[in-house]
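everything below, folded, please.
(2 chains)
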Amino acid sequence: MASYQEGEPPSPGENSGDESQGDEAIRILEKMKQNQRRAAAELVSTEAKYVHNLRLCASDIRSQLRELPEEDLDVIFSNINDIIKVNSRFLKGLEEANSEEEQLFLLGNLFLEFQEEMESTYKVYCASYNQAMAMVDSYKKVPTLQKAIQDVITAVVPQAGASGLTFLLVMPVQRVTRYPLLLQKILENTPPDDHAYEALQRATRAMQEVNSNINEYKRRKEIVTKYSKLEHLTVRERLARINTHSISKKTLRLSQLFKQEAGIVTRTEDREFDDLEEKFHWVALCVNELKSNVASYLENLETFLRIKPHECDLEMEGGAVQQYCCLTRNLHLLAFLEFKQRLERLVYHPLGHLSKALLGPQNLIKKRLDKLLDFERVEEKLAEMGSMTYEEEATRHTYQALNSLLVSELPQFNGVATQWLGQILHTLMALQRDLAQQVLQRAEGELAQLPHSHVSESDFRKVMEDTLGKTSAQLHSFRQSFEKVLPVPITQPFQPAAERQVQTLLSKYGPSKLYQVTSNISGSGNLALTLQRGQIVALLQDRDTKGNTSRWLVDTGGYRGYVPAGKLELYQVVPPEEPSMQAGSGDGFRFPPEEAPRASARAVTPVFQVVAAYPFAARSSHEVSLQAGQPVTVLERQDKKGNPEWSLVEVNGQRGYVPSSFLVHVPSPAPWGWSLPPCNSPPSHM
Amino acid sequence: MSWIPFKIGQPKKQIVPKTVERDFEREYGKLQQLEDQTKKLQKDLKKSTDADLAMSKSAVKISSDLLSNPLCEQDQEFLNMVTALDTAMKRMDAFNQEKVNQIQKTVIEPLKKFGSVFPSLNMAVKRREQALQDYKRLQSRVEKYEEKEKTGPVLAKLHQVREELRPVKDDFEAKNRQLLEEMPRFYSSRLDYFQPSFESLIRAQAQHQSLPGTSTPAWPLSIQVLAT
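Residues are numbered from 1 along each chain as shown, chains lettered A, B, ... in the order given. So this is what the prediction gives:
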């Protein structure tokens, strides 16, 4: 812009033709110098005013805005205090340089010195500026608060006017953009060979850099905010979002993906990013796995605490039992409960937070992939056509911003996450150790009071085995004694009326006349009896009235009648008290007319069966019908009133009462082979 | 015992004195309660040991899953820490298993044996009850005959019934006496029986909880360093 000339004044001995030129040069130079100084002065004075206003804002205004909550004030004023600190120092440096000789040179260097600090503080402020403005706008909508704010501002900074806070808050943003401009102005008015020129040039460039960095930072932050919000949309909302734009976006991406998969287009390989992503993925896996494992551990712990064996009541005062119950109760209520709570607080909840923190980056990574596809498509188009639309430029930019953001921040994130994880694991171990310590302490305390506390483990085991062996034997003996509690006394020898009836027959006719029915006889004709096999009868006559010797007249003890002789066999009466036996032949049809001599006693066969001697018809439901010769099972020898004339029997599956006199005690139905004692066999008779 | 009014066959006079009956009830009641408590204790102990084992198994799962994560390959420090944790957990699990085995042997099995006496006891009590019923029945018969006119056949009958009664009465008395003797003894035997088992329980807790510095260290030295 400016033309520059030699800085030294032309010698007075120049020719007059050059004199006017020389004067011109000097004048221009002088003017430049003046401008320079003015610009520098402007820089300093504006800086001073700026800092002053900032201070007012931060301290006076903020402290008086008492109606607003703290968090909101933090959002509005953001890191204005940091800015004040930096700029105050900067101002001091400026003022010092002012009085110096090499003012501009020092100025330039000052900017370079402060470049980094300014960048870091201003970028934070600028990035959160939008949020701050949004907050201020929301307060504008509340008239009462708005008025209060306005009053305060008017009181402190009258020139703020109606725009109030907005006017004040935008100052830092404006200031940082002005630095390059101010510097530029000074630079314009500085001849290139000036000592300070280089420094100023560098300073200008530095400030421009600062501004572009701040912009980049702001953009990245915006992207992150946009995509890391996890949107939980209903299906309807998702559907509502579908429009031509989104559809076309997604289809383009999908086609790009296909092209990559098919090999038509090469995929951009980003090794660095892939590594980072992989690590992130492992961290996420680790955290989630740990979280679910700890959850199941806690569940098991809870189950364990729910079971309370120490609440049994064996009614034993003192001793090991009491101690055990005490110990376990304490452990459950104190040690374990504390452990559980600490575990939840110090391990499980932090894991939950960590897990949630992972979701944001996960989403960003996913979005990056989408944007990558877009980017590749745009690049393609660029290669083909050499230009792109504004939208395409924006897409490109988004991808690049997202990518660089992730690449720069993922390593940090991974590192922090791993560290956090490490700390959680440490805590877990410390908690376990503490629990073990507690349990040990308590248990040892109780142990000291036990009788065998001084005994070593192996010795105690032996003692235990001995004791258990002894007590086991004792228990066994108890069991035996209980089982030995005398069983029901043996039923007394059965004396049914039936047997007495046999006795009656016996006494009436003598043993030689007793016959047993070998097979069922069904009587036909008059006076014929129906008898069952096994029934005992006494012979009255061995021929019937017609002289037929194959029909005999017999007495069953109640009835009399004729039965075929072939079905009778001599009966060996074997009552327990009268072991006398009747001699008889093998055929059994002999019948001695008079009593045969009694044989010597034969061994009593104690196996008896009760048989119905006569038929009996039941007359009520309590009674049961009998057929002559039918075997029965006697259940009770008397009825419910104790009357022994009735017996409770079971026959053919039915139960009921029958007259006891109808029952006969007989040997169990033997095969017809009992050997009869050898005796003089009576002549057989047929 | 059985409270059936108007049951035919009940003797008119009280054959078993009330005090004896009361004593019997009391002793038997105590034993019944002991039986319940023993069963409950056995069940609870079993459940408790199972839960204990489940806990240490899930602790081992925590550390072994961590070990299998690829992060361990990359980060040496992480690997060290996870290995130490894994060793500690596995050891703890082994100790726990041992503890449970010991408890099984010295507490749960004896408890089972103790419980196995009860069925025999209950049977014996039932038999006594049966004998009592028989006794009562016969006694009422005797009384019935006693009240009748003293005719010849009645007297004969009475004599016979009395003969029947005698062994039954003796039997009941024997059973009653035996049980009244044995039950209190059994009840008091529980003291000797349970004390050693519970002592063993406490010892098991103390032995298998160990920390570094004690006779059986469960925690390797590295854990000590890391966990501080």
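
pick out the residue closest to the middle of the chain.
Using chain A here. residue A:296 (4.9 Å; CA atoms, centre = their mean).

switch to chain B, that's the one I care about
With distances taken as CA atoms, centre = their mean, residue B:38 lies nearest the centre of chain B, 3.0 Å away.

check that residue and give its pLDDT.
Here, the pLDDT recorded for residue B:38 equals 87.

with residue B:171 instead?
pLDDT, residue B:171: 84.

measure it to residue A:391 for me?
110 Å (CB to CB, to the nearest Å). No exception for glycine: its C-beta is placed from N, CA and C like everyone else's.

tell me which of the two has more neighbours.
Higher neighbour count among residue B:171 and residue A:391: residue B:171, with 22 against 9, using other CB atoms under 10 Å in any protein chain shown.

ranges for the strands of the stretch 151-300 of chain A?
Here the stretch 151-300 of chain A has no strands by DSSP state E, counting those that start in this stretch.

chain B contacts on that one?
Residues of the stretch 151-300 of chain A found near chain B (CB under 8 Å from any CB of the partner chain) are A:279, A:282-283, A:285-286, A:289-290, A:293-294, A:296-297, A:300.

just the buried residues from these, in PyMOL please.
This is the PyMOL syntax for the buried subset of these, where burial follows 16 or more other CB atoms under 10 Å in any protein chain shown:
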select buried, chain A and resi 279+282+283+286+289+290+293+294+297+300
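
with pLDDT added, can I get the residues of the stretch 151-300 of chain A next to chain B in CSV?
Shown next, in CSV, are these (pLDDT from 0 to 100):
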residue, pLDDT
A:279, 87
A:282, 88
A:283, 88
A:285, 89
A:286, 88
A:289, 90
A:290, 90
A:293, 91
A:294, 91
A:296, 92
A:297, 91
A:300, 90
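
what about the residues of the stretch 151-300 of chain A next to chain B, which are in helices?
Using DSSP state H, the subset of these located in helices is A:279, A:282-283, A:285-286, A:289-290, A:293-294, A:296-297, A:300.

tell me, how many residues neighbour residue 53?
The chain I'm using is chain A. Residue A:53, neighbours per other CB under 10 Å, totals 18.

wrong chain, I was asking about chain B
17.

my guess is it meets residue B:101, correct?
No: counting by CB atoms under 8 Å, residue B:53 stays clear of residue B:101, with 10.4 Å between them.

hey, where'd the helices end up in the stretch 301-450 of chain A?
A:319-330, A:337-343, A:349-385, A:390-448 (DSSP state H, counting those that start in this stretch).

list the contacts for residue 40?
In the absence of a named chain, chain A is used. Residues near residue A:40 by CB atoms under 8 Å, 6 or more residues apart in numbering or on different chains: A:98, A:103-104, A:107, A:186.

chain B, not that one
Residue B:40 sits next to residue A:312 when contact means CB under 8 Å, 6+ apart.

contacting residues for the single nearest residue of the stretch 501-650 of chain A relative to chain B?
Using CB to the nearest CB, the single residue of the stretch 501-650 of chain A nearest to chain B is residue A:642, 4.4 Å away. Counting by CB under 8 Å, 6+ apart, residue A:642 touches B:141, B:144-145, B:161.

try 7 Å this time
Listed by CB atoms under 7 Å, 6 or more residues apart in numbering or on different chains, the contact partners of residue A:642 are B:141, B:144.

for the longest helix seen in chain B, which helices and strands make contact with it?
Ranked by residue count, the top helix of chain B under DSSP H comes out as helix B:152-207. Helices and strands touching helix B:152-207, as assessed by 3 or more CB pairs under 7 Å, 6 or more residues apart in numbering or on different chains; DSSP states H and E, comprise helix A:319-330, helix A:390-448, helix A:457-483, helix B:18-68, helix B:76-103, helix B:109-147.

residue A:358 is nearest to which of the ones you listed?
Nearest to residue A:358 among the helices and strands packed on helix B:152-207 is helix A:390-448 (7.2 Å), distances taken as CB to CB.

is that closest one positioned near chain B?
Yes: using CB under 7 Å from any CB of the partner chain, helix A:390-448 reaches chain B at A:418, A:422, A:425-426, A:429-430, A:433, A:436-437, A:439-440, A:443-444, A:446-447.
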